[in-house]
Structure formats: C-alpha cells, structure tokens
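Participant: Build me a structure from this.
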Amino acid sequence: MSENKENFIGFSLLADQLQRKTVKKGFEFTLMVVGESGLGKSTLVNSLFLTDLYSNRKLPPVSERLTKTTDIEKTKLEIEENGVKLRLTIVDTPGFGDGLEGADAWQACLKYVNDQLGLYFQSENSVNRKNMTDSRVHCCLYFLSPYGHGLRPLDIEFLKRLQYKVNLVPVIAKADSLTKTELAAKKKRIMAEIAEHGIELYQFPDTDSDEDEDFKAENERLKSGIPFAVVGANTTLQVGNKTVRGRQYPWGIVDIEDTNHSDFMHLKRFLIQTHMQDLKDVTHDVHYENFRIACLQELKAAGIEQPADITKSTERLDETYEDPEKILLLQQKDEEIRRMQEMLNSMQQKISKS
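Facilitator: You can find the predicted model right below:
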C-alpha cells in the first residue's frame, strides 16, 4: 500500500524546503551588455525582459560621440513571475567603441567588473555578512557587428582582457541583415578566430549520463549556437490570426521568436530558463575565486595575514561586551579588516591600470 504523500516524512523533502526558502528570498542577476552604438543592445534587452529600460535615454550627437569615452550605466529592475522574484541589474556601456581612440574602450568595463568583485570580497570579510548583496557581473553579452568578415582588433582586445573575469557570451547583432549562408560562414569565422587567439568564452556545463534527455539535447543545441545571431524588436505585428513580435520589411516580416529567423529564443532560453544559475555558480566558483586568491596573495605579500574565519572571530555576542579582553581583540580585528580593505582598494587600482 503506497503511503500518502501528505503523511510522508523523509529527507527527500529537503528539496521542497530549499525551494520555498529560495523563492521567498528571490534571485539576483547582473547582466552586462557591451558593444558599439547602433547594434540594437537596448532593443534586445527590452525584448528579452519585456520592458522599456531606456525610455528616457537621449543619444548624443555624432560630434560628441567621436570624443566620448565609455560610460557605465546601471538599471535595476524587479521582475515577478508566478511568485518568483528576480532582481535584475542591467549594466550598459554607452560610448563603447564610438570614439576615434577606441583602443582602450575596454578599460571602463574591466574596472567595473573588478570593482564589483572587490566589493563582494570586502563584504565577505566584514563583521556583518547577514545582508550581503551580490553586485558581481554574472554574464556579459558582447555584441559583434554583422558587417565585416570577422572580429575587429577592439573585439579581440576586449574578449582577451575580460575572459578570466566574467562569463563572456558573444552575440551577432542585427542578424536579419545577413542571409543564412552568410550567417553560417560568419559564425564559423568568428569561432575560428576566437580559438586562434586562445580566448575563453563561457563554458557550458557537461551533462551527466543520467540527466534528462531533453535537457542534454537543449544544452548541446545552445552550445553549438554560439555566437547567438539575434534580432530584437519591441513592436507587435499581425500575421494572419497570429500576433508576433518582429520587424516589417518590404519583402516580409521577421518574427524574432521564430528560431528559423533568429537565435533570440535560444538566447532567452539560455539566460533565463536553463543556464542562469550556472552562470552565477561559475561567477562565484571560478571568476570570484581566482580574484579572491589573488587578493589574499597580495595581502600576504604585504604582511597582512587574514584570520581563518574573520567573521567568527569578530562575532559580537552579548557576553563579549562584559569582557575587556574580548573588546580589545575585536578592536584589533576591526583594525586588521580596515587595513585589508585599504590594501584591496590599492590593489584594485593596480589591476585596473594593468
């Protein structure tokens, strides 16, 4: 006789507890979009998250853009779907590659990524870690121009500089300007140049033999689709009895959600449905861990030894305030943390300049 699920008690229900706790807390995700003006970055982001993040933006005239440096713009958005909350941060980079001297356009992006890793490191080593926020960049969509034959020197330099700092995912913008044959050739050329220059893109996770077959097939399909060839559109069009989001041309309509027209749905599925958590895990376990080790080595070289567990050693219990020796110890630890943070700030400046 099978036991009623409501009366079942077992450790397999731990997954339900974790799900309830995670849903209640919500999710945080930071997406950086990088590419020169005119490639449709804003339109694509609005298409992905069905919003209008840039309604108040005003583009500067061409005369100003020739001398403009790369800016960093953050937009925060809270999305809720079926009771699940996502706190999304979009980091845009207006001015990237627009100036006549665009060779160093990557510097502002690298500094921002390093700064966020540094802030997380400081928060992790502070006395109070209860309300830590994760502002690290979990994914960077790098927009490639559909024109030309392959990667430009700026593209190669950017990808090389940030490859070990953030999950890089290249996308070919305005893919509807290319035929299927041209698009296939361009994808092949881009991936060949990426391999030639030894550039590390986001590594899709390996699937286990006991994984769901549909997930394994989807993972392989998305992996083979890099770089994603995308088309963005915020307008809806009527095609027969069907309403689609797309672009109207004299020769017909491009439906951005039709995988025969664009990789838009593959990108959306990758970011939201299948790989968002893995992007966060790789950020923490690989990119942040490398950064943290480098910081600890710098601190050790400077003669500042980090305690095995700073938070535990500086935990302020009620009885602590009754013991003068413990108060002195806390003050010493606080001073040590302050020195560590000063060293970290100095190191971040060196990293950004290198």
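Participant: Can you pull out the low-pLDDT segments for the stretch 1-150 of the chain?
Facilitator: Regions of the stretch 1-150 of the chain meeting the criterion pLDDT under 70 cover residues 1-19, 21-23, 53-69, 99-104.
Participant: again, only this time at 50
Facilitator: Counting by pLDDT under 50, the stretch 1-150 of the chain contains low-confidence ranges at 1-2, 62-63, 65-67.
Participant: show me where it has helices.
Facilitator: Using DSSP state H, counting those that start in this stretch, the helices of the stretch 1-150 of the chain run over 14-25, 41-49, 62-65, 106-124.
Participant: I'd like those helices as JSON lines, with distance to residue 286 and mean neighbour count appended.
Facilitator: All C-beta spots, glycine's among them, are computed from the backbone N, C-alpha and C. Output for these, formatted as JSON lines (distance: least, Cβ to Cβ, whole Å; neighbours: other Cβ atoms under 10 Å):
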{"stretch": "helix 14-25", "distance to residue 286": "22", "mean neighbour count": "10"}
{"stretch": "helix 41-49", "distance to residue 286": "24", "mean neighbour count": "21"}
{"stretch": "helix 62-65", "distance to residue 286": "35", "mean neighbour count": "11"}
{"stretch": "helix 106-124", "distance to residue 286": "12", "mean neighbour count": "19"}
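Participant: what about those, which gets the closest to residue 278?
Facilitator: Residue 278 sits nearest to helix 14-25 of all these, at 15.3 Å, using Cβ to Cβ.
Participant: next helix or strand past the helix or strand where residue 277 lies?
Facilitator: Element membership of residue 277, judged by DSSP states H and E, is helix 276-282. Once the chain leaves helix 276-282, the next helix or strand it forms, by DSSP H and E, is helix 289-301.
Participant: buried ones in that following helix?
Facilitator: 291, 292, 295, 296, 298, 299 (16 or more other Cβ atoms under 10 Å).
Participant: And those residues, which is closest to residue 170?
Facilitator: Of the buried residues of helix 289-301, the one sitting nearest to residue 170 (Cβ to Cβ) turns out to be residue 291, at 22.6 Å.
Participant: For residue 130, state which of the buried residues of helix 289-301 is nearest.
Facilitator: Among the buried residues of helix 289-301, and counting by Cβ to Cβ, the member closest to residue 130 is residue 292, at 20.0 Å.
Participant: Which stretches in the stretch 151-300 of the chain count as strands?
Facilitator: Taking DSSP state E, counting those that start in this stretch as the criterion, the stretch 151-300 of the chain contains strands spanning 168-172, 228-229, 236-239, 242-249, 252-255.
Participant: who does the second one pair up with?
Facilitator: Sheet neighbours of strand 228-229, with direction, are listed as strand 168-172 (parallel) (DSSP bridges).
Participant: contact partners of the partner strand?
Facilitator: Identification of contacts with strand 168-172 by Cβ atoms under 8 Å, 6 or more residues apart in numbering yields 44, 139-144, 146, 159, 162, 178, 183, 186-187, 190, 194, 199-202, 226-230, 263, 267, 270.
Participant: buried subset of those?
Facilitator: Neighbour-count burial (16+ other Cβ under 10 Å) applied to the contacts of strand 168-172 gives 44, 139-144, 146, 159, 162, 178, 183, 186-187, 190, 194, 199, 201-202, 226-230, 263, 267, 270.
Participant: What separation is there between the spatially most central residue of the chain and residue 259?
Facilitator: Geometric centre of the chain, nearest residue: residue 139, 2.0 Å, by Cα atoms, centre = their mean. The spacing between residue 139 and residue 259, counted by Cβ to Cβ, to the nearest Å, is 21 Å.
Participant: circling back to that earlier point, using TSV, please lay out the strands of the stretch 151-300 of the chain together with distance to residue 153 and mean pLDDT.
Facilitator: Shown next, in TSV, are the strands of the stretch 151-300 of the chain (distance: least, Cβ to Cβ, whole Å; pLDDT from 0 to 100):
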stretch	distance to residue 153	mean pLDDT
strand 168-172	15	96
strand 228-229	22	94
strand 236-239	39	79
strand 242-249	31	81
strand 252-255	31	81
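Participant: closest to residue 74 out of the ones you listed?
Facilitator: Counting by Cβ to Cβ, residue 74 lies closest to strand 168-172 out of the strands of the stretch 151-300 of the chain; the figure is 19.3 Å.
Participant: angle of the closest one against helix 41-49?
Facilitator: 110 degrees (axes from the mean of the first three to the mean of the last three Cα atoms, to 10 degrees).
Participant: How far does strand 168-172 sit from its chain's centre?
Facilitator: In terms of Cα atoms, centre = their mean, to the nearest Å, the centre of strand 168-172 is set 12 Å apart from its chain centre.
Participant: what about the nearest residue to residue 243 once chain neighbours are set aside, how many neighbours?
Facilitator: Closest residue to residue 243 apart from its sequence neighbours, by Cβ to Cβ, 6 or more residues apart in numbering: residue 236 at 5.3 Å. Residues near residue 236, counting by other Cβ atoms under 10 Å, number 9.
Participant: contacting residues for residue 236?
Facilitator: Taking Cβ under 8 Å, 6+ apart, one finds 243, 244, 245 in contact with residue 236.
Participant: Quick check: bridge partners of the last one?
Facilitator: This points to residue 245. Using DSSP bridges, the bridge partners assigned to residue 245 are residue 236.
Participant: My guess is residue 266 contacts residue 228. True?
Facilitator: Yes - counting by Cβ atoms under 8 Å, residue 266 touches residue 228, with 5.9 Å between them.
Participant: joint contacts of those two?
Facilitator: With Cβ under 8 Å, 6+ apart as the test, residue 266 and residue 228 reach no residue in common.
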